[in-house]
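Asker: what follows is a predicted structure for the sequence shown.
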Amino acid sequence: MAWLNKHSGVLLFDKPSGVTSHDMVYRVRRILQQQEVGHTGTLDPMATGLLVMCVGRATKIAQFISNLEKCYLAEVKLGLSSATYDAEGLDPHAVPVETSHVTESEVLAVMNGFLGTQMQQVPAHSAVKINGQHLYELARNGQELELPEREVTITSLRLESFADATIRFEVCCSKGTYIRSLAHQIGQQLGCGAYLSALRRTSVGPFSVLDAVTPIHLAQLADEGKAGSALMPIDQVLQFGAICIQDSFRQQVGFGRMPAWTDVNRIEGVFEPGDRVVIKSMAGEVLAVGIAGSSSNEFTKHGGQPVSSYVRVLA
């Protein structure tokens with residue numbers, strides 16, 4: 001039976017350990033019997049937690065989710081270093097380094113040094129590509145490379161516990177931050193080595209893993225014909241001000257034509273010139289994301305340029 005794109009919305013999914021993010025996308029496609037599914041930010045196979053997926057028309061808004069701040073709960077083991085910066089790359093014959101001298105105050109001092117914006121080196125064992133090849137492929141072939149660096153921002157780094165050579169902390173950071181690289185750097189600065197032993201993503205922007213569904217739960221909902229109840233509507237996900245247009249202009253949005261103030265039915269929320277806004281139908285369906293040409297206040301009082309450009313058209 002052919003798959004139909006019958007569902008549309010954003011799915012908060014709780015990824016289990018031991019599978020790739022792509023594996024989970026494929027599983028959701030099978031459960032929903034729908035091809036148009038994609039995630040908005042990968043998790044390493046060992047990691048668990050929140051994987052935000054876009055389904056149907058919502059795949060067109062993935063760019064507005066992938067850049068959101070992400071928070072994690074991490075566990076770091078001291079005394080051993082790893083080629084992959086996590087448990088997968090441990091040398092089974094390595095002798096642990098003594099860590100009894102490391103104090104909690106030293107751990108806190110090192111962690112605090114990573115707050116803010118900095119350049120972070122990408123792990124050799126990662127999916128980042130150089131000249132069309134994944135770094136992990138080159139690393140497995142024994143090639144030595146100058147690893148690229150990325151600018152990342154760590155906005156919060158809070159120690160949960162430190163005992164038995166194990167650090168547990170919560171970290172909130174920008175897109176593209178490698179927590180296993182952070183674990184490796186902490187071990188280097190403490191002088192004893194370290195690797196990431198566990199990781200759970202707890203939030204992406206305003207979305208929490210507490211609201212996510214597990215693979216089993218989603219499959220149960222699908223069996224009951226209720227899979228759509230697990231999806232967040234697009235208009236709830238994009239928390240921008242809104243310009244609701246007349247039904248007579250709806251088709252023109254799909255052609256990329258900008259509305260005039262006479263094409264507008266109503267304004268929702270508050271926005272300023274240059275802010276992102278959603279363009280909605282009178283029924284509330286999101287048709288596009290655009291850049292406001294005037295403030296909501298100016299437009300409401302005097303009329304004005306509702307949209308100066310489209311960022312993404314969904315219609």
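Answerer: Received the coordinates, thanks. Numbering: from 1, shown residues only.
Asker: shaky segments in the protein?
Answerer: Filtered on pLDDT under 70, the chain yields the residue ranges 1-5, 124-147.
Asker: if we ignore the residues flanking it in sequence, what's nearest residue 199?
Answerer: For residue 199, ignoring the flanking residues on the chain, the nearest one in space by C-beta to C-beta, 6 or more residues apart in numbering is residue 47 at 4.2 Å. Backbone N, C-alpha and C define where each C-beta goes, glycine included.
Asker: how about residue 106?
Answerer: Computed as C-beta to C-beta, 6+ apart, the closest residue to residue 106 that is not its neighbour in sequence is residue 190, at 6.5 Å.
Asker: list the buried residues for the helix or strand hosting residue 109?
Answerer: For residue 109, the host element (DSSP states H and E) is helix 104-112. Going by neighbour count (16 or more other C-beta atoms under 10 Å), the buried part of helix 104-112 is 107-108, 110-111.
Asker: residue 44 versus the closest residue in space to residue 83 that isn't next to it in sequence, what's the distance?
Answerer: In this structure, residue 83 finds its nearest non-sequential neighbour in residue 89, 3.6 Å apart by C-beta to C-beta, 6+ apart. Here residue 89 is placed at a distance of 12 Å from residue 44 (C-beta to C-beta, to the nearest Å).
Asker: and residue 93, by the same measure?
Answerer: Distance from residue 93 to residue 44, by C-beta to C-beta: 24 Å.
Asker: quick one, which of the two is more surrounded?
Answerer: residue 44 (23 against 5; other C-beta atoms under 10 Å).
Asker: re earlier: which secondary structure elements does the helix holding residue 109 contact?
Answerer: Counting contacts by 3 or more C-beta pairs under 8 Å, 6 or more residues apart in numbering; DSSP states H and E, helix 104-112 packs against strand 149-163, helix 179-190.
Asker: which one of these lies nearest to residue 242?
Answerer: Closest of those to residue 242 is strand 149-163, at 28.4 Å (criterion: C-beta to C-beta).
Asker: show me where the protein has helices.
Answerer: Using DSSP state H, the helices of the chain run over residues 21-32, 63-66, 104-112, 135-140, 179-190, 215-223, 234-237, 250-254, 296-302.
Asker: from the chain's centroid, how far away is the first one?
Answerer: On the basis of C-alpha atoms, centre = their mean, to the nearest Å, helix 21-32 is displaced by 17 Å from the centre of the chain it belongs to.
Asker: which residues touch it?
Answerer: 3, 6-7, 11, 13, 15, 35, 37-39, 42-43, 51, 53, 55, 215, 218-219, 222, 227 (C-beta atoms under 8 Å, 6 or more residues apart in numbering).
Asker: over to the fifth one?
Answerer: In this structure, residues lying in contact with helix 179-190 by C-beta under 8 Å, 6+ apart are 44, 72, 74, 76, 78, 81-82, 84-86, 102, 106-107, 110-111, 113-114, 120-123, 154, 167, 171, 173, 193-196, 199.
Asker: try 6 Å
Answerer: 72, 74, 76, 85-86, 102, 110, 120, 123, 193-194, 196, 199 (C-beta atoms under 6 Å, 6 or more residues apart in numbering).
Asker: now find how far off-centre that helix is within its chain.
Answerer: Distance, centroid of helix 179-190 to centroid of chain: 22 Å (C-alpha atoms, centre = their mean).
Asker: alpha carbons of it, in CSV - could you do that?
Answerer: Extracted in CSV, the C-alpha atoms of helix 179-190 (Å, rounded to 0.1, in the frame of the first residue of the first chain):
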residue,chain,number,x,y,z
ILE,A,179,28.9,17.6,24.5
ARG,A,180,31.4,14.7,24.1
SER,A,181,33.9,17.3,22.9
LEU,A,182,33.1,19.3,26.1
ALA,A,183,33.6,16.1,28.2
HIS,A,184,37.0,15.5,26.5
GLN,A,185,38.1,19.2,27.1
ILE,A,186,37.1,18.9,30.8
GLY,A,187,39.3,15.8,31.2
GLN,A,188,42.2,17.6,29.5
GLN,A,189,42.0,20.6,31.7
LEU,A,190,41.7,18.4,34.8
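Asker: give me the angle between that helix and strand 149-163.
Answerer: Interaxial angle, helix 179-190 versus strand 149-163 (axes from the mean of the first three to the mean of the last three C-alpha atoms, to 10 degrees): 70 degrees.
Asker: what comes up buried for stretch 163-174?
Answerer: Quick answer for stretch 163-174 (16+ other C-beta under 10 Å): 165-167, 169, 171-174.
Asker: could I get the residues you listed as TSV with distance to residue 186?
Answerer: Compiled in TSV, the buried residues of stretch 163-174 are given as follows (distance: C-beta to C-beta, whole Å):
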residue	distance to residue 186
165	12
166	12
167	7
169	9
171	11
172	16
173	14
174	18
